[in-house]
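J.: Predicted model and sequence below, questions to follow.
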Amino acid sequence: MKDLSPHALAIRPSPTLALNAQLKARAEAGERVLNLCVGEPDFPMPALAARMAIQAIEDGESRYTDVAGTLALRERIRRKLREENDLDYRTDQIIASTGAKQALYNAFFVLCGEGDEVVVPAPYWVTYPEQVRAVGATPVIATAGRDSEYKLTPALLERHVTPRTKAVVLNNPGNPTGTTYTRGELEAIAEVVLRHDLYVVEDLIYEHFHYGEGKVESIAALGTPLRDRTIVINGVSKSCGMTGWRVGYSAAPARISALMKRLQSQSTSNVTAVAQRAAIGAMDDVPWTALAAYRERSESAYQQLTAIEGVDCPPPTGAFYLFPDISRFLGDGGPATSDEFCTQLLEHTGVGIVPGTAFGSPGNVRISYAAAPGVVAEGLELLQKFVVSL
Ligand code: PLP
C-alpha cells in the first residue's frame, strides 16, 4: 500500500495524555494513585455558565452559528480583551475555536508551511512542536535555562532565528515552567521580533493563574507594530474549569483572522452553539475566589518541594505547575533519566508526575498542584521519601 502522509507520520502522540490514561487505568484496577500530572483545575465551572448552557438548550439553540462564533460571544471576548489586556480588536478579528488547541492549529496553519521555521522555546508545552510539524513546517527548539527561569531571552531568540524563521511561540504563564514573562522581558523580545520581521503566536491560556505583581502582559499590547504581527490565543478551559467544553479563541490582525476563519469553515465550523453560551456565562462569572486559592497552593507546594535537599526549582509565578531540576538524582545506580525517575516513583509510591523529556527538558520533572491540596501534599511527601531512598 502507498505510504501515509509524511506530515501525519511526523506527529508524535501527546506524552501527557498517554501518562494520564496510564494513571487512570491503574486507579481503575484498584491501585492507589496520586495523580500530579493533571493539566486542569479541580474547581467546578461557574454556575452562570451552567445556567446559560441549560437556557441555550431550552431556547433550542441547535443550529449552526457563524463559523467564528456568535456575535454575542465575540462581543464578550472583545470586551474582555479590552478591559483585561488593553487590546482593542474588532469582532471580525476574533474567532472562537474548539479549545485553544484548535486556535493554535489555525494559527500555525495560516502562518507557515513547508520550508518555514517556528522558534519554540523549551521547556515547551508538548503540542507546539507537533502542531508546527503537522502543518509541514519545522519547529526550531530554543532551550532556555534555569538562569532565565526557563524563559526565552532576546539573545536566545536571536541565536535561533534564520532567514526561514516565520514565527516564535510565547506561552505566558508557561506550561510546564510555571513562570511568567514580565513586561520588560516582553519588550526585549519584541525588539528582536520586530528586527527580524517575525510573527508571534502568544498563548495566554493560563493568564488568570498568576501569582506575581499586577497582571499578565500581552506582547500584542506593546504597540501597533507588535499587535500587527501577533496572534493572541486564550480560552475558558483553564481559568473557568471548563476543559471539556472546548471553547478557546484567537484575536489577530484582520488578514490573518480571515484565513483562520476560512480554514475553520472547511474543517470544524463553529464551536458547539450551547458551549458558546456557556462561555459567555463563564466570562461573566470568572471564579476569582477559586483562582486566588491557587496562589496559596503554589506557595505551599513550592515550600514543600524545595525543602527536599538537592531539588532546585524556580519560584512559581503562574499556571499550576512546578518544574524542578532533578538531574542531581540521576545516574550513579539510580534512575538514569527523568523518564526512569518518574516510572520508578510511580512503581514505588503511586505518585504520577511527568518527565521533563516530554517538554524538551530531560533534567526536570513537571508536578501539577491542580490536584486536591491533600493529594499534592501527600504526593510531595512521598516524592521526598523516594528521593532520600535513591
Ligand atoms: N495551551 C497550553 C499551554 C496548555 O497547557 C493547554 C492545555 O493543556 C492548551 C493550550 C489547550 O487548551 P484547550 O483545552 O482550550 O484546547
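T.: That came through, no problem.
J.: how much space between L380 and H208?
T.: Distance, L380 to H208, using Cβ to Cβ, to the nearest Å: 24 Å. Placement of C-beta: from N, CA and C, glycine included.
J.: Could you report the neighbour count for the residue of the stretch 1-150 of the chain found nearest the ligand?
T.: Nearest residue of the stretch 1-150 of the chain to the ligand: G99, at 2.6 Å (Cβ to the nearest ligand atom). G99 has 21 neighbours, counted by other Cβ atoms under 10 Å.
J.: Any stretches of the protein with poor pLDDT?
T.: Within the chain, no stretch has pLDDT under 70.
J.: Would you map the helices across it?
T.: With DSSP state H as the definition, the chain shows helices at residue ranges 6-10, 15-28, 47-58, 71-85, 99-111, 127-134, 154-160, 183-195, 224-227, 254-265, 273-284, 288-306, 338-349, 373-389.
J.: what's the closest of those helices to V365?
T.: The minimum distance between V365 and the helices of the chain falls on helix 338-349, with 5.6 Å, by Cβ to Cβ.
J.: Surely the residue of the stretch 1-150 of the chain closest to the ligand and S237 touch.
T.: Yes - between G99 and S237 there is a contact under Cβ atoms under 8 Å: 6.0 Å.
J.: Can you pull the residues that touch both of the two?
T.: Here G99 and S237 share the contacting residues T243, R246, V247, G248, scored by Cβ atoms under 8 Å, 6 or more residues apart in numbering.
J.: Of these - the most surrounded one?
T.: V247 (31 neighbours).
J.: Spatially nearest residue to that residue (excluding sequence neighbours)?
T.: A279 (4.2 Å; Cβ to Cβ, 6 or more residues apart in numbering).
J.: mind listing what the closest residue to the ligand within the stretch 201-350 of the chain touches?
T.: Nearest residue of the stretch 201-350 of the chain to the ligand (Cβ to the nearest ligand atom) works out as S237 at 3.4 Å. By Cβ under 8 Å, 6+ apart, the contact set of S237 is E40, G99, A100, I205, T243, W245, R246, V247, G248.
J.: The nearest residue to G363 once chain neighbours are set aside: neighbour count?
T.: Once flanking residues are discounted, G363 sits nearest to S327: 3.6 Å by Cβ to Cβ, 6+ apart. Neighbour count of S327, defined by other Cβ under 10 Å: 16.
J.: again with S250
T.: Neighbour count for S250, taken as other Cβ under 10 Å: 31.
J.: now A251
T.: A251: 30 surrounding residues under other Cβ under 10 Å.
J.: Now do the same contact list for it.
T.: When contacts are counted by Cβ under 8 Å, 6+ apart, A251 touches I77, L81, L87, Y89, Q93, I94, A220, I231, V232, S257.
J.: residues in the stretch 101-250 of the chain within reach of the ligand, list them.
T.: Residues of the stretch 101-250 of the chain lying close to the ligand by Cβ under 6 Å from any ligand atom are K101, W125, N171, N175, D203, I205, G235, S237, T243, G248.
J.: The residue nearest to V247 reaches A49, doesn't it?
T.: Yes - A279 lies in contact with A49 (Cβ under 8 Å); the separation is 7.2 Å.
J.: Comparing these two, which residue is more hemmed in?
T.: Under the neighbour definition other Cβ under 10 Å, A279 and A49 were set side by side, and A279 has more, 31 against 28.
J.: of the contacts of A251, closest to G318?
T.: Distance to G318, by Cβ to Cβ, is smallest for V232 among the contacts of A251, at 16.4 Å.
J.: Verify the stated contact: the closest one with A221.
T.: No - at 9.2 Å, V232 and A221 do not qualify as touching, with contact defined as Cβ under 8 Å.
J.: okay, and the common contacts of the two?
T.: Common contacts of V232 and A221 (Cβ under 8 Å, 6+ apart): N85, L87.
J.: the more surrounded of these two?
T.: Taking neighbours as other Cβ under 10 Å, V232 and A221 compare with V232 leading, 26 against 17.
J.: How many residues are close by S5?
T.: 10.
J.: same deal with L152?
T.: With neighbours defined by other Cβ under 10 Å, the count for L152 comes to 27.
J.: Chain neighbours aside, what residue packs nearest to it?
T.: P121 (3.9 Å).
J.: bridging residues for the one you found?
T.: Beta bridges link P121 to A142, judged by DSSP bridges.
J.: I'd guessed it sits against K151; true?
T.: Yes - taking contacts as Cβ under 8 Å, P121 lies within contact range of K151: 7.3 Å.
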